[in-house]
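Student: this one's structure only:
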């Protein structure tokens, strides 16, 4: 079953408190190589049937309208993960 | 500046209430082509300097230990996004 992956990240100009907290914890643990950390969302939409251009256009619209908050978030990627969840790189 | 992307998803056998809510909303809006929806997390770790095998191993360990909860979540991917945030596919 094909899966459409939608990736949403907080806008670059916005403070991401959860990301800042993780970055702070990593630094306290001595992981100085890692600078900034930002935390976004990854949606997996499992599709019944084929993914065509129409469906991709619909999902891109849904990603912008429903899956993200345009005031604070950017949709950075909408792509098909043909292999599905089980086949993904671990 | 290179960015290491860590992708974390709820385990397949676990109910994902937020994902279920999104799927329900999409169905009510008539988007029947989309079946199940699952919502995970996407971390961007911005690295100061080069990403080498040592750092990747460290981040993979951190992803398993700190960025995910092994009881309910799987780390599905740890990869370098060389282009960084600005260059990502929109």
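Tutor: Sure thing, it's come through. Computed from a predicted structure; not experimentally measured.
Student: How far off centre is the biggest helix by length in chain A?
Tutor: Looking across chain A with DSSP state H, the single longest helix is helix A:17-28. In terms of CA atoms, centre = their mean, to the nearest Å, the centre of helix A:17-28 is set 19 Å apart from its chain centre.
Student: next one: stretch A:41-58
Tutor: For stretch A:41-58, the distance from its own C-alpha centre to the chain's C-alpha centre is 14 Å (CA atoms, centre = their mean).
Student: sorry, back to before: what average pLDDT does the longest helix of chain A get?
Tutor: Averaged over helix A:17-28, pLDDT sits at 96.
Student: Quick one: list the elements packing against that helix.
Tutor: The helices and strands touching helix A:17-28, judged by 3 or more CB pairs under 8 Å, 6 or more residues apart in numbering or on different chains; DSSP states H and E, are strand A:34-47, strand B:34-47. (Each C-beta comes from the backbone N, C-alpha and C, glycine too.)
Student: tilt between the last one and helix B:17-28?
Tutor: Using axes from the mean of the first three to the mean of the last three CA atoms, to 10 degrees, one finds that strand B:34-47 and helix B:17-28 are set 130 degrees apart in direction.
Student: in the helix or strand following strand B:34-47, what counts as buried?
Tutor: Heading C-terminal from strand B:34-47, the first helix or strand you meet, by DSSP states H and E, is helix B:53-62. Across helix B:53-62, burial judged by 16 or more other CB atoms under 10 Å in any protein chain shown covers B:55, B:58-59, B:62.
Student: Between the residues you listed, which sits nearest chain A?
Tutor: When the buried residues of helix B:53-62 are ranked by distance to chain A (CB to the nearest CB), residue B:55 comes first, at 5.7 Å.
Student: re the thing from before, would you mark the buried spots in the longest helix of chain A?
Tutor: Going through helix A:17-28 with 16+ other CB under 10 Å, the ones that come out buried are A:19, A:22-23, A:26.
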